[in-house]
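>>> sequence first, then the predicted structure:
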Amino acid sequence: MSGAYTLMSIKTESDWPLALKIVQDWLAANKRKPIWLAEQSGISRSIISRFIHGRSLDDSTALRLYAAVHPGMNLDQKLQLLGALGLLSLVLDIRKSLETLPDAETTDSLSDTQNGEANPLAQVRHIAERSWIKGLSLYHQIERTFGPHSINSSRAAIQATQMLINLGDFEQAERERARVASMYEGLFTEQDKIDFSWSAGWIQFGKRDMDAALTDFMNTLHLAEAYGRHDHVAAVQHFVGMVYTRKGKRARTHDQAAYYFAQAEDYLKQAYVYTLKRSGAAETGFNLFRLGQLYAAMGRAPEAAEMRRKATDIFHDDAIAKCHLSIEVADLQLRDGNTQLPGHPAETSMALYANIGYAQGLARTARTLMVAGLQNGRTKAALVNGIAAVLFNPYVTLDDSTMLKDYVSEVNTQLRGELHVAQHSTLLHHIHDDVIDRRGVFAHLGAVAANRDNVIAALFSDLGLHAPSGS
């Protein structure tokens, strides 16, 4: 309880004389010499000597110093030292974001190192698994904290790029990736090179450039194999399999499709075998899910259903994964002519995807609702959901070959032919107003991290409504 009272008086700006006094008192109480501190922290003796004589430390070195001396301190002492070292604001931001995770004394866990990286990165990874928005913010803060010459900043910047990709902001991710290369490429470790190459494939995959995505993923696969990172090999094989599945669906000839599908099956099965033995259930479930998508594309319906059944068994406690499956099943049912789709799973998927800011999931769900509306003769509702899908993710496709925005234009043209000119114009104005005011399905635009103002303006212009967008 005392920590709660003293926290208000703890410094948030560095105070190097106070930090030195705390460390010197600790060394004296534990009968340690400065040389021990250098050996224990991995900080050079010359830097320790300069610190003892009143010089400041950069944040990365300060964190290593804290890691060496914090054992045996009570919580108040740890917080006082973190404050004097200028690290407290980072710790408190991460601590706040960790409130939903299993209880742990954050000031301890932040002091450790894992695989050569300061543990804040490891902690933020746990946060980012639950919130990409929080992860993005904290990765940027870590980068600012450690500065431009730190391996921790390099890794944080690469992971921030991945957060942007997850959030569907591919243009900003490309800009961020270029910045990371210019600032940090000379600091890249083997892991960084894999992750950085991986991000290039993700961006191209998200933008539906499968040829470029395949090139980037294969480069990543070769790096992972060369460095002996078998878990990364399996993860990249999974995505190579997904790319080949999409290339098979786009193929112009039967032989070409057969080749791409065979490649997809080979890579997905390799990934599945590895995750079955070594990785967690989620990775295994997603490999089964992708195999199910592949078999559905190949017309092997019984095998596809079996893969989905096995994936469902694995995903029983994973609400987001179950959303992926429910939308996949709905799409297959629509393809088979079943127009009686329940609305509740789509509403549930929308809410869950919005909660994590998953623009691509929102787009897929809206696309499914659009197709269902068309098959049920509800053309106006279909147009609304189609517009929503494109605004959630401008790169969403109808069938892996047709951009959905092009199909939305066709539906709009069809509707224009069914209505009087004035009625059609009024309808577009009403939809546009709902977009701007975030009403109905467009309320979920608030969960999309990327700025879609230009997308809104371009889409409504294409549909025949020339009006300023807003946000």
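That came through, no problem.
>>> give the rounded mean pLDDT of the helix or strand containing residue 350.
Assigned by DSSP states H and E, residue 350 belongs to helix 343-356. Helix 343-356 shows an average pLDDT of 81 in the prediction.
>>> pull out the buried residues from that helix.
Across helix 343-356, burial judged by 16 or more other C-beta atoms under 10 Å covers 345, 346, 349, 350, 352, 353, 354, 356. From N, CA and C alone the C-beta is placed, and that goes for glycine too.
>>> any chance of CSV for those residues, columns distance to residue 262?
Putting these into CSV (distance: C-beta to C-beta, whole Å) gives the following:
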residue, distance to residue 262
345, 33
346, 34
349, 32
350, 36
352, 35
353, 33
354, 38
356, 34
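>>> out of the residues you listed, which is nearest to residue 192?
Using C-beta to C-beta, the shortest approach to residue 192 within the buried residues of helix 343-356 belongs to residue 356, at 25.7 Å.
>>> wait, isn't the closest one in contact with residue 349?
No: with contacts counted by C-beta atoms under 8 Å, residue 356 stays clear of residue 349, the gap being 11.5 Å.
>>> next up, the contacts around the residue lying closest to residue 349 once chain neighbours are set aside.
Closest residue to residue 349 apart from its sequence neighbours, by C-beta to C-beta, 6 or more residues apart in numbering: residue 323 at 4.1 Å. Contact partners of residue 323, counting by C-beta atoms under 8 Å, 6 or more residues apart in numbering, are 345, 348, 349, 352, 353, 361, 365.
>>> for this protein, which helix is longest?
Scanning the chain for the helix with the most residues, using DSSP state H, yields helix 254-278.
>>> and after that one, which helix or strand comes next?
Using DSSP H and E, the helix or strand that follows helix 254-278 towards the C-terminus is helix 281-297.
>>> helices or strands up against that following helix?
helix 230-250, helix 254-278, helix 301-314, helix 319-335 (3 or more C-beta pairs under 8 Å, 6 or more residues apart in numbering; DSSP states H and E).
>>> any chance of the ones you listed in JSON lines, with mean pLDDT too?
Conversion of the helices and strands packed on helix 281-297 to JSON lines gives the following (pLDDT from 0 to 100):
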{"stretch": "helix 230-250", "mean pLDDT": "95"}
{"stretch": "helix 254-278", "mean pLDDT": "95"}
{"stretch": "helix 301-314", "mean pLDDT": "93"}
{"stretch": "helix 319-335", "mean pLDDT": "85"}
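>>> closest to residue 143 out of those helices?
The nearest among those, by C-beta to C-beta, is helix 230-250 at 22.7 Å.
>>> and the next helix or strand after the helix holding residue 350, what does it pack onto?
Following helix 343-356 in sequence order, the next helix or strand is helix 359-375 (DSSP H and E). Helices and strands touching helix 359-375, by 3+ C-beta pairs under 8 Å, 6+ apart, are helix 319-335, helix 343-356, helix 379-392, helix 404-418.
>>> of all the ones you listed, which lies closest to residue 35?
Ranking the helices and strands packed on helix 359-375 by proximity to residue 35 (C-beta to C-beta) places helix 343-356 first, at 48.9 Å.
>>> about what we covered before: pick the most deeply packed of the helices and strands packed on helix 281-297.
helix 230-250 (a mean of 22; mean count of other C-beta atoms under 10 Å).
>>> what's the angle between that one and helix 254-278?
Angle, helix 230-250 to helix 254-278, by axes from the mean of the first three to the mean of the last three C-alpha atoms, to 10 degrees: 160 degrees.
>>> which regions of this structure lie under the pLDDT threshold?
Counting by pLDDT under 70, the ranges of the chain that qualify are 1-13, 60, 88-119, 279-280, 339-344, 466-471.
>>> try 50
Scanning the chain for pLDDT under 50 picks out 1-11, 98-118, 468-471.
>>> state the distance from the residue sitting nearest the centre point of it to residue 463.
Nearest to the mean C-alpha position of the chain, counting by C-alpha atoms, centre = their mean, stands residue 166 at 3.0 Å. Residue 166 sits 29 Å away from residue 463 when distances are taken as C-beta to C-beta, to the nearest Å.
>>> also residue 133?
Relative to residue 463, and taking C-beta to C-beta, residue 133 is found at 30 Å.
>>> these two: who's more crowded?
A count of neighbours by other C-beta atoms under 10 Å puts residue 463 above the other of residue 133 and residue 463, at 22 against 15.
>>> contact partners for the more buried one?
Residues in contact with residue 463 (C-beta under 8 Å, 6+ apart) are 387, 408, 409, 412, 428.
>>> so can I have TSV of the residues you listed showing distance to residue 87 and neighbour count?
TSV is the format used below for the contacts of residue 463 (distance: C-beta to C-beta, whole Å; neighbours: other C-beta atoms under 10 Å):
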residue	distance to residue 87	neighbour count
387	47	28
408	50	25
409	53	17
412	55	22
428	54	20
